[in-house]
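Peer 1: below are the sequence and a predicted model; questions follow.
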Amino acid sequence: MAKSDNIPSPAVRRLSLYLRQLEVFHDTDRRKVSSRELGEALGLSDAQVRKDLAYFGQFGHPGIGYRVSELIQRVRQILGTDKKSNVLLVGAGNLGRALIAYRGFSKRGFEVVAVFDNDPKLIGQKMDGQNSMRIQSLKDMPKMVRQHNIRLGILAVPGTAAQSAADTMIAAGIRGILNFAPTTLQADTAISVSSVDLAVHLEQLSFQLGVTIT
């Protein structure tokens, strides 16, 4: 497998798409699939599928293609989702509560085990969700990170508070941040940041539909 620094980001993103589609095939009792079939299901060429997977190793079998169950397991290992990863959440507002209620994280091997906020009115309250965690102060984060071996964090705070909260997360030992705040975070290159700005996605859709934004 190529070093991660040499693997294009789009190939890594498509790896997650391959996993989703392979799971669909598995749920319909498909035992094997070709690169053409996998590509067609996602609107990609078979050459693109083979090129992307080749960055991570050799998975196909001559005359068979890919064994669905085997490739699912290998892709999960590559993505690190074949085992449970503990995650923390910073921001107990409406978005944070919606994220806690989302069951898709646990299905993918990510377990939110701690929630933090800097609002004194919220600290100590229970979050609505599967495990009704109590909201903790940001100052308690280092202890929780060590106790639960947390390396991933979700940031769901207003843009004005995002950088300070991210700095606190990084200082506590978080090395990967999923950022829902509408701002660009400044972080050392050793820290992985993935940003999700829902308004930006809507703007892009609006543009594609030919709507003039005023």
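Peer 2: Structure's in. What do you need?

Peer 1: can you give me the helices for this structure?
Peer 2: With DSSP state H as the criterion, the chain has helices at 9-27, 35-42, 46-54, 68-79, 94-101, 104-107, 141-148, 159-172, 198-208.

Peer 1: figure out which of the ones you listed is closest to residue 178.
Peer 2: Between residue 178 and the helices of the chain, the tightest spacing by Cβ to Cβ is seen for helix 94-101, at 9.2 Å. Using the backbone N, CA and C atoms, a C-beta is placed for each residue, glycine as well.

Peer 1: need the contact list for residue 65.
Peer 2: Counting by Cβ atoms under 8 Å, 6 or more residues apart in numbering, residue 65 makes contact with 32-35, 37.

Peer 1: now, the most widely separated pair of these?
Peer 2: Largest pairwise distance in the contacts of residue 65, by Cβ to Cβ, is 11.4 Å, between 32 and 35.

Peer 1: so what sits against both of the two?
Peer 2: 65-66.

Peer 1: more neighbours: which of the two?
Peer 2: residue 35 (21 against 16; other Cβ atoms under 10 Å).

Peer 1: on that earlier part again, let's have the helices of the chain in CSV, adding mean pLDDT and distance to residue 62.
Peer 2: Shown next, in CSV, are the helices of the chain (pLDDT from 0 to 100; distance: least, Cβ to Cβ, whole Å):
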stretch, mean pLDDT, distance to residue 62
helix 9-27, 93, 20
helix 35-42, 96, 13
helix 46-54, 94, 13
helix 68-79, 94, 15
helix 94-101, 91, 44
helix 104-107, 86, 34
helix 141-148, 97, 45
helix 159-172, 96, 47
helix 198-208, 84, 41
